[in-house]
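[1] build me a model from this:
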Amino acid sequence: MTVRWFEWEGAIDTAATAREWTEEEGLEEVTERVIEIEERVRREGDKAVLELTNELDAVDGPIDSLRVDPEVVTGALARLDGALRGSLELAAENIRIVAEAQIDEVQRFVPLPGGQSVTVREVPVSAAGLYAPGGRASYPSSVLMCAIPARVAGVERLALASPPGPDGKVSPVVLATAALCGVDEVFAMGGPHAIYALARGTETIERVDVIAGPGNAWVQEAKRRMYGFVGLDSYAGPSELMVVAGPDADPAWAALDLCAQAEHGSGPLLVAAVESEVLDAVETATKSAAAKRPGVGDAPLALVCVPGMDDAIDLANAFAPEHLELLAAAAVPLADRVRTAGCVFVGPYGATAFGDYVAGSNHVLPTSGAGRYAGPLGPGVFRRKISTVEVSAEAAAKLAPHVDRLARAEGLPVHGESAMIRTEL
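    Here you go, the predicted structure:
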């Protein structure tokens, strides 16, 4: 793990400096390659997606079909270890309860003084594309986090993309979880080509309305390029964690929390504390823990000694971390001041790992500072609002002159005529 100490320059400047250092490099190269993949999928459809899957997912033998046989999916669930299935079902139930609590009223009727009314209702999108990463690990938890809120939202068709392993097959646990969640279609594909196939459609894959799920910089760049073509959850890239360590924080616990997030890859890690002795202890414990765990990548760890705990929260709000742990006394009032983190874990027992799996919160969260304007994946991502306007004859007579006046002020007189003609009956 690469460690660097940062001088306190104020919350905003320190956050900017730390993020610049911890963010992934080479995004220009990623963008160029992703554009090439987009054009290839657009031109060649299934052929391009198959070739790219075989090329980029490094399968030992070429796969000849993107779609996973539904019987293989259901068979994976039947063969799943009973204890593991129980854990998945526990996580699924907690995620479902939290998702259901987020559904608003389906319809709101708003009568207005002029005699007109506006009804706003929510409807689910028809089809959602879900992405579960692969590569270093399989992510059945991401299937839960994406599929359950989509089902709670009322989406009719769920299509899951997940990259095959070296044997050319999607992880059996991912397939089993897809069956557990009632996913309709599973495709053995990953990376940017999977995003483009879901967004644009191919001969085999019917296009979707919304795409959701975490992924690396390549996946997120492909999602970004599809913004406006399909709906998206947020920028949910490489995992990141900020820890606010109070004087009573256990360095060994903090170290394992940091190493756990480093298992996902080289996403940014940041620790802030009032006392330099605390930072020293966390640094030592983290280096020691990482050295003993080969699955922990070479993530960048930024350490900041802050003037006070309020400054630590200001730093968190400026950094907008995906995960924020408050390992400090009086963590609850501190949590109330957090405005930008994707998910806040309060108190010494609130390890981010609980949120990754079973706490009920969603682990598809905004990264790279996107927490300033986005939040956790939930049913709202898979729903859209429709407004219905009813204007009576009496309301038209009252409102038309105002429409005409405003329209002419904007240089759009025909808008005014369109309203005024309804007063001539």
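[2] can you list the residue ranges for strands in the stretch 201-350 of the chain?
    Taking DSSP state E, counting those that start in this stretch as the test, the strands found in the stretch 201-350 of the chain are 210-212, 231-232, 241-245, 269-273, 300-305, 323-327, 343-346.
[3] quick one: which of the ones you listed is nearest Asn94?
    When the strands of the stretch 201-350 of the chain are compared by C-beta to C-beta, strand 343-346 sits nearest Asn94, at 14.0 Å. Using the backbone N, CA and C atoms, a C-beta is placed for each residue, glycine as well.
[4] could you look up the SS state of the spatially most central residue of the chain?
    In the chain, the residue lying closest to the centroid (C-alpha atoms, centre = their mean) is Val364, at 3.5 Å. Under DSSP: H, G, I helix; E, B strand; the rest coil, Val364 falls in the coil class.
[5] for stretch 55-67, list every residue counted as buried.
    Buried residues in stretch 55-67, defined by neighbour count with 16 or more other C-beta atoms under 10 Å: 56-57, 59, 63, 66.
[6] scratch that, stretch 327-336
    Neighbour counts over stretch 327-336 (16+ other C-beta under 10 Å) mark 327-328, 331, 334-335 as buried.
[7] so what are the domain limits for the protein?
    Listed by automatic domain parsing, the domain ranges of the chain are 2-24+238-359, 28-75+121-235, 391-423.
[8] picking that back up, strands - which of the buried residues of stretch 55-67 land there?
    For the buried residues of stretch 55-67, not one is inside strands, with DSSP state E as the criterion.
[9] picking up where we left off before, now the domains of the chain in TSV, with distance to Arg85?
    Shown next, in TSV, are these (distance: least, C-beta to C-beta, whole Å):
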stretch	distance to Arg85
domain 2-24+238-359	14
domain 28-75+121-235	7
domain 391-423	55
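[10] in TSV, list those along with distance to Gly371 and mean pLDDT.
    Putting the domains of the chain into TSV (distance: least, C-beta to C-beta, whole Å; pLDDT from 0 to 100) gives the following:
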stretch	distance to Gly371	mean pLDDT
domain 2-24+238-359	4	93
domain 28-75+121-235	9	93
domain 391-423	37	96
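[11] so which of those gets nearest Pro379?
    Pro379 lies closest to domain 28-75+121-235 among those, at 3.8 Å (C-beta to C-beta).
[12] contacting residues for the residue nearest to the centre of the chain?
    Contacts for Val364 (C-beta atoms under 8 Å, 6 or more residues apart in numbering) come out as 142, 145-146, 212-214, 233-234, 236, 376-377.
[13] and the gap between it and Pro149?
    Distance of Val364 to Pro149, given as C-beta to C-beta, to the nearest Å: 9 Å.
[14] tell me, what's touching those two both at once?
    Counting by C-beta under 8 Å, 6+ apart, the shared contacts of Val364 and Pro149 are Leu377.
[15] now the residue nearest to the centre of the chain, nearest residue through space, not along the chain?
    Spatial nearest neighbour of Val364, excluding adjacent residues (C-beta to C-beta, 6 or more residues apart in numbering): Leu377 at 3.7 Å.
[16] now do Leu56
    Leaving aside its chain neighbours, Leu56 sits nearest to Gly191 (5.4 Å; criterion: C-beta to C-beta, 6+ apart).
[17] I am finished for the moment; much appreciated.
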